[in-house]
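**Q** this is a predicted model, with the sequence first.
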Amino acid sequence: MIKSRTKHYYKKYNLKNNRMKPLIVINFKTYREASGDNALKLAANIRKVRRSKYQIVMVPPMLTVREIAKKNTHKVFAQYVSPYTYGSHTGSIMLEELKNSGVTGTLLNHSEKKLPFKVLTETIELCKKSKITTIVCASTINEAKKVANLKPNYIAYEPKALIGGDISVTEADPDIIIKVIKAVKSVNRNTKVLVGAGVHSKEDLGHALLLGAHGVLIGHAVAKAKNPKRFLTEMLIS
């Protein structure tokens, strides 16, 4: 049923007239298929995907982010950044170095790397000063509202139970997306909402956009695809 309505979603969403292009964020995580040399190959395949109506963002493992950012035509975000400037912070991921490498944003507070709220607050503030885009993950409506007070650029709603699975939240509980967007907008109208957890098809993307999300956060569906370029190309309907 959802498949037969995909084109209707896109027509109604009207990508041509939308002031900002939907964001397609691809989180490589630390899958074997998306780490080391495999990360470079995956990034090269994603670079070949051209869809002018979307913004494609790659979020590769930290040890490959610099090399991928230097070669990339799509935006590259870091999977994490520390809330510090230069100094005695052994083992930290310095925002200045990421920025100098060509990184333009960061993914924060993923369910696999939750941050204390104080640390999250300090990190977002540091990113604002350096003009680094922030995508902050939230797994509940209450968490999304709390994060919205920090005024990140994006909040990625990802119910933890669906992360890494094959059932998208757009299919499992579409009403919750509407509620999350409403909750975020009630706190901060400038923060946009992305949909994550189980997103793996053009139907999931189309449905997310129709429900009011500004894009999607994708993990294993691209990173573990047999042909990532074909998968992404088919997902991004024009």
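**A** Perfect, thanks for sending it. Note that the structure is a prediction, hence the values are computed from the model and not measured. Numbers count the residues shown, from 1 in each chain.

**Q** return the residue of the protein that is most distant from the centre.
**A** Centroid-distance maximum for the chain: S88 at 30.5 Å, with CA atoms, centre = their mean.

**Q** angles on the backbone of that residue, please.
**A** Phi and psi for S88, reported as degrees, to the nearest 10, are phi -90, psi 80.

**Q** just say helix, strand or coil for the residue nearest to A138 when sequence neighbours are not counted.
**A** By the measure of CB to CB, 6 or more residues apart in numbering, the closest residue to A138 outside its immediate chain neighbours is A144, 4.0 Å from it. All C-beta atoms are positioned from the backbone trio N, CA, C, and that covers glycine. Classification of A144 using DSSP: H, G, I helix; E, B strand; the rest coil returns helix.

**Q** neighbours of A144, how many?
**A** Neighbour count of A144, defined by other CB atoms under 10 Å: 23.

**Q** residues in contact with N153?
**A** When contacts are counted by CB atoms under 8 Å, 6 or more residues apart in numbering, N153 touches 105, 133-135, 191-192.

**Q** just the pLDDT for the residue farthest from the centre of the chain.
**A** Turning to S88, the model gives it a pLDDT of 93.

**Q** can you list the neighbours in contact with stretch 77-85?
**A** Outside of stretch 77-85, the residues within contact range by CB under 8 Å, 6+ apart are 25, 27-29, 57-62, 65, 89, 92-96, 98, 103-108, 110, 113, 119, 122-123, 126-127, 132-133, 135.

**Q** from those, which would you call buried?
**A** Of the members of those, the ones counted as buried by neighbours, 16 or more other CB atoms under 10 Å, are 25, 27-29, 57-61, 65, 92-93, 95, 98, 103, 105-108, 110, 122-123, 126-127, 132-133, 135.

**Q** in helices, which of the residues you listed appear?
**A** Using DSSP state H to define helices, the subset of those located there is 65, 95, 98, 122-123, 126-127.

**Q** any chance of those residues in JSON lines, with distance to V169 and pLDDT too?
**A** Supplementary listing: these in JSON lines, determined by distance: CB to CB, whole Å; pLDDT from 0 to 100:
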{"residue": "V65", "distance to V169": "27", "pLDDT": "95"}
{"residue": "L95", "distance to V169": "30", "pLDDT": "94"}
{"residue": "L98", "distance to V169": "29", "pLDDT": "94"}
{"residue": "E122", "distance to V169": "29", "pLDDT": "97"}
{"residue": "T123", "distance to V169": "25", "pLDDT": "97"}
{"residue": "L126", "distance to V169": "30", "pLDDT": "96"}
{"residue": "C127", "distance to V169": "26", "pLDDT": "97"}
